[in-house]
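A.B. asks: Starting from these lines, generate the structure:
(one chain, ligands or ions: 2)
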Amino acid sequence: MAGGCSTWKSVFTPTKPTLSWKLTLPKTTLPSLRKTTKRFAVFATFISSKPTVLVTEKLGEPGLDLLKNFANVDCSYNLTPEELCSKISLCDALIVRSGTKVSREVFESSGGRLKVVGRAGVGIDNVDLPAATEHGCLVVNAPTANTIAAAEHGIALLTAMARNIAQADASVKAGKWQRSKYVGVSLVGKTIAVMGFGKVGSEVARRAKGLGMSVIAHDPYAPADRACAIGVELVSFDEAISTADFISLHMPLTPATSKIFDDEAFSRMKKGVRIVNVARGGLIDEEALLRALNSGIVSQAALDVFTEEPPAKDSKLVLHENVIVTPHLGASTAEAQDGVAIEIAEAVVGALKGELASTAVNAPMVPAEVLSELAPFVSLSEKLGRLAVQLVAGGSGVKSVKLTYASARGPDDLDTRLLRAMITKGIIEPISSVFVNLVNADFLAKQRGLRITEERITLDGSPENPVEFIQVHIANVESKFASAISDFGEITVEGRVKDGKPHLTKVGSYGVDVSLEGSILLCRQIDQPGIIGKVGSILGDENVNVNFMSVGRIAPQKQAIMTIGVDEEPSSQVLKKLGDIKAVEEFVFLKL
Ligand SMILES: NC(=O)C1=CN([C@@H]2O[C@H](COP(=O)(O)OP(=O)(O)OC[C@H]3O[C@@H](n4cnc5c(N)ncnc54)[C@H](O)[C@@H]3O)[C@@H](O)[C@H]2O)C=CC1
Ligand SMILES: O=C(O)C(=O)COP(=O)(O)O
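C.D. replies: Ligands and ions are numbered 1, 2, ... in the order given. You can find the predicted model right below:
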């Protein structure tokens with residue numbers, strides 16, 4: 001398509017920077033932008049008139065048709081990693097599903113030509129995102145088109161498991177007729193815990209209600225009113241796993257959720273519980289699940305996803321008689337695959353044209369000049385967002401966030417979009433499978449009903465520093481740490497950059513000072529001698545290294561807030577010991 005071709009070229013010439021570049025840059029950096037974009041003009045001169053898109057896994061025809069209107073499309077399935085690496089230097093875009101590992105080597109082998117990776121689905125754990133970003137390659141996904149398919153597959157596994165469909169089918173086909181062996185359990189009136197009440201989880205909940213089940217859900221970040229609207233009660237992790245007859249997993253795989261279902265979690269479940277997993281295999285410690293199946297804690301499991309895919313042929317879990325499995329089929333319906341194919345083809349074509357991608361999952365290149373000035377503030381912003389959201393009590397539902405920037409710079413000299421995006425990233429990322437960046441932060445906040453407003457405080461004095469301090473306020477929520485609620489009734493955290501390092505300088509209405517590295521403990525206590533020593537020795541006894549400590553108080557002998565930076569995560573016993581100190585009124589552990 002001729003139009004497509006000319007638009008493609010214009011994206012990579014200095015005269016017409018892409019929308020994402022424009023969004024990134026404050027006015028003051030425009031000369032450096034011109035310098036940076038020159039390198040795009042260089043490769044624009046030797047690419048062919050049509051871009052080339054490599055598709056390495058089966059993609060629906062409607063998506064392929066869309067791509068073919070714009071690009072040369074090379075469908076090469078089942079490539080070895082070496083074959084992928086050797087082909088990639090001839091490609092401008094790559095489209096994959098969950099079966100292709102897009103490793104650092106792929107980006108390195110592309111010689112800078114690969115501009116977009118499209119993941120035709122939700123999870124992007126098979127794409128090396130840091131490597132993509134380092135190589136200036138945008139990664140986009142298709143987050144909505146397979147939601148219903150995944151939810152339906154979850155329900156299919158739930159019912160098949162409860163009625164032993166797979167085992168009974170195999171038995172009849174083997175010439176047997178074992179009616180009493182395959183007596184199942186009924187779903188009606190049973191309690192199902194939906195772990196992760198996002199797009200797929202809420203659709204599963206809706207369907208389980210239709211089956212007459214009582215539905216509870218655990219999702220610390222889902223708004224209670226959304227759950228309430230479909231008659232679902234949001235409960236704590238412990239309550240969910242200890243009261244449910246069935247547990248269905250729908251949370252993303254993140255460092256916080258990796259192997260969240262371990263021996264300890266299984267030991268707290270109701271004996272005979274049944275588990276469905278159509279999310280990610282890595283959520284479950286598979287060895288622990290096998291032990292729980294063998295001991296009878298878990299009576300059945302239905303698994304679509306595995307830590308390693310495909311799992312080993314002799315996997316004891318897969319071969320277990322009380323386990324039914326499918327080969328990662330959650331998204332595999334004709335309808336979902338057509339939808340995903342269209343969604344990803346549009347996103348890839350749009351990205352190749354330089355349009356702003358609403359489903360971008362990594363940052364496009366941020367010019368070094370902008371980053372070097374804003375770098376410590378970027379890091380501060382993400383950490384403040386991450387801290388603020390962890391202070392929210394589960395089930396509150398974050399809806400309204402206000403960001404305050406105090407700066408001596410004029411509005412035109414300070415582009416807060418990168419800071420806002422990083423605060424949004426800090427708020428959303430710990431609770432979601434999505435990756436947030438400058439391109440998609442506002443879109444994701446909006447999609448989640450998160451209203452983010454910004455306010456400037458103009459300071460007198462030298463505008464050397466882009467920002468003096470940043471505050472994040474979360475309104476209309478309860479806090480796990482009551483002292484984090486300011487006089488205005490909002491969770492408030494404030495940070496500054498000191499000696500190039502991000503510091504937390506205010507929590508609620510209390511002035512504090514702690515360097516934001518490692519993790520932190522916030523502790524409110526009666527101001528009296530000896531507390532610092534007690535806390536220090538409890539942490540020291542457990543080899544938890546304190547890297548920073550400060551105490552801010554309202555008035556002598558009244559309350560004080562102690563902020564403690566720690567290098568290691570304290571165990572639950574240590575946290576309990578801290579809570580047992582008489583003068584300690586409340587405390588919270590926050591991961592950065
Ligand atoms: N088997 C398959 O073929 C498919 C699998 N998936 C997987 O299903 C999962 C869910 O996908 P979506 O619903 O589209 O994502 P989503 O982002 O809409 O929902 C995830 C939900 O999990 C919640 N969450 C985050 N941390 C949590 C925690 N520690 N405990 C409880 N909840 C937590 C989030 O607040 C969010 O509401 C993902 O892992 C995705 O990769 C999705 C589609 C197909
Ligand atoms: O969308 C997802 O997260 C999935 O797990 C679907 O994977 P697939 O595209 O079917 O390989």
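A.B. asks: What is the longest helix of this structure by residue count?
C.D. replies: helix 368-390 (DSSP state H).
A.B. asks: okay, the next helix or strand after it in PDB with CA atoms only?
C.D. replies: Next in sequence after helix 368-390, counting helices and strands by DSSP states H and E, comes strand 400-407. Extracted in PDB, the C-alpha atoms of strand 400-407 (Å, rounded to 0.1, in the frame of the first residue of the first chain):
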ATOM      1  CA  SER A 400      -8.500   9.100  42.700                       C
ATOM      2  CA  VAL A 401      -4.800  10.100  42.800                       C
ATOM      3  CA  LYS A 402      -3.500  13.600  43.000                       C
ATOM      4  CA  LEU A 403       0.100  14.400  42.200                       C
ATOM      5  CA  THR A 404       1.800  17.600  43.400                       C
ATOM      6  CA  TYR A 405       5.000  18.900  42.000                       C
ATOM      7  CA  ALA A 406       6.800  21.700  43.700                       C
ATOM      8  CA  SER A 407       9.200  23.400  41.300                       C
END
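A.B. asks: Could you name the helices and strands sitting against the helix or strand that strand 400-407 is followed by?
C.D. replies: Remark: after strand 400-407, the chain's next helix or strand is helix 417-428, criterion DSSP H and E. Secondary structure elements in contact with helix 417-428, counted by 3 or more C-beta pairs under 8 Å, 6 or more residues apart in numbering; DSSP states H and E, are helix 19-24, helix 368-390, strand 400-407, helix 441-447, strand 451-458, strand 469-475. No exception for glycine: its C-beta is placed from N, CA and C like everyone else's.
A.B. asks: right, is helix 417-428 up against ligand 1?
C.D. replies: No. If you take C-beta under 6 Å from any ligand atom as the test, helix 417-428 misses ligand 1, and the best it gets is 8.8 Å.
A.B. asks: and that helix, how far out from the chain's middle?
C.D. replies: Distance of helix 417-428 from its chain centroid, counting by C-alpha atoms, centre = their mean, to the nearest Å, is 13 Å.
A.B. asks: What mean pLDDT does that helix get?
C.D. replies: Regarding helix 417-428, the rounded mean pLDDT is 88.
A.B. asks: follow-up on the earlier one: can you tell which of the helices and strands packed on helix 417-428 is closest to ligand 1?
C.D. replies: For those, proximity to ligand 1 was assessed by C-beta to the nearest ligand atom; helix 441-447 is nearest, at 9.2 Å.
A.B. asks: Model confidence score at the nearest residue to Gly63 once chain neighbours are set aside, please.
C.D. replies: Leaving aside its sequence neighbours, Gly63 sits nearest to Ala341 (C-beta to C-beta, 6 or more residues apart in numbering; 2.6 Å). Reported pLDDT at Ala341 in the predicted model: 98.
A.B. asks: Check Lys173 too.
C.D. replies: 98.
A.B. asks: That one: neighbouring residues, count only.
C.D. replies: 8 (other C-beta atoms under 10 Å).
A.B. asks: Below-threshold pLDDT in the stretch 301-450 of the chain: ranges please.
C.D. replies: Applying pLDDT under 70 to the stretch 301-450 of the chain flags residues 354-356, 363-371, 395-396, 433-435, 437-440.
A.B. asks: residues contacting the residue of it found nearest ligand 2?
C.D. replies: Taking C-beta to the nearest ligand atom as the measure, the stretch 301-450 of the chain has Ala331 as its residue closest to ligand 2, at 3.6 Å. Contacts for Ala331 (C-beta atoms under 8 Å, 6 or more residues apart in numbering) come out as Arg97, Gly121, Val122, Asn146, Ala149, Ala150, Gln337, Val340.
A.B. asks: likewise Ala150?
C.D. replies: Val122, Val200, Glu203, Val278, Gly330, Ala331.
A.B. asks: Surely the third one is in contact with Ala149?
C.D. replies: Which is Glu203. No. Glu203 lies out of contact with Ala149 (C-beta atoms under 8 Å); the separation is 9.8 Å.
A.B. asks: Which residue of these two possesses the greater neighbour count?
C.D. replies: Ala149 (24 against 21).
A.B. asks: hang on, that one in a helix?
C.D. replies: Yes. Ala149 forms part of a helix when assessed by DSSP: H, G, I helix; E, B strand; the rest coil.
A.B. asks: Pull up the residues of the chain that are close to ligand 2.
C.D. replies: So the chain meets ligand 2 at Arg97, Ser98, Gly99, Ala120, Gly121, Val122, Gly123, Asn146, His328, Gly330, Ala331, Ser332 (C-beta under 6 Å from any ligand atom).
A.B. asks: And for the second one, nearest residue in space, chain neighbours not counted?
C.D. replies: Read that as Ser98. Nearest to Ser98 is Asn126, by C-beta to C-beta, 6+ apart, at 5.7 Å.
A.B. asks: ok, back up a step: what's the closest of the contacts of Ala150 to Lys270?
C.D. replies: Nearest to Lys270 out of these is Val278 (C-beta to C-beta; 21.2 Å).
A.B. asks: Could you confirm Ser299 falls within a strand?
C.D. replies: Yes. Membership of Ser299 in a strand is supported by three-state DSSP.
A.B. asks: That one: neighbour count?
C.D. replies: 16.
A.B. asks: and what of Thr133?
C.D. replies: Neighbour tally, Thr133, other C-beta under 10 Å: 20.
A.B. asks: Just the CA coordinates for the host helix or strand of it, please, in CSV.
C.D. replies: Under the criterion of DSSP H and E, Thr133 resides in helix 129-134. What follows is helix 129-134, C-alpha atoms only, in CSV (Å, rounded to 0.1, in the frame of the first residue of the first chain):
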residue,chain,number,x,y,z
LEU,A,129,11.3,-6.4,27.8
PRO,A,130,14.4,-4.7,29.1
ALA,A,131,16.3,-6.0,26.1
ALA,A,132,13.5,-4.7,23.8
THR,A,133,13.6,-1.3,25.4
GLU,A,134,17.4,-1.1,25.3
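A.B. asks: following it, which helix or strand comes up?
C.D. replies: strand 138-141.
A.B. asks: Could I get the average pLDDT for that following strand?
C.D. replies: 90.
A.B. asks: which of the residues in stretch 266-282 are buried?
C.D. replies: Using 16 or more other C-beta atoms under 10 Å as the test for burial, stretch 266-282 gives 266, 269-270, 273-282.
A.B. asks: likewise stretch 500-515?
C.D. replies: Applying 16+ other C-beta under 10 Å to stretch 500-515 flags Pro502, His503, Leu504, Thr505, Lys506, Val507, Gly508, Tyr510, Val512, Asp513, Val514, Ser515 as buried.
A.B. asks: could those go into a markdown table alongside secondary structure?
C.D. replies: Converted to a markdown table, the buried residues of stretch 500-515 look like this (three-state DSSP):
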| residue | secondary structure |
| --- | --- |
| Pro502 | strand |
| His503 | strand |
| Leu504 | strand |
| Thr505 | strand |
| Lys506 | strand |
| Val507 | strand |
| Gly508 | coil |
| Tyr510 | strand |
| Val512 | strand |
| Asp513 | strand |
| Val514 | strand |
| Ser515 | strand |
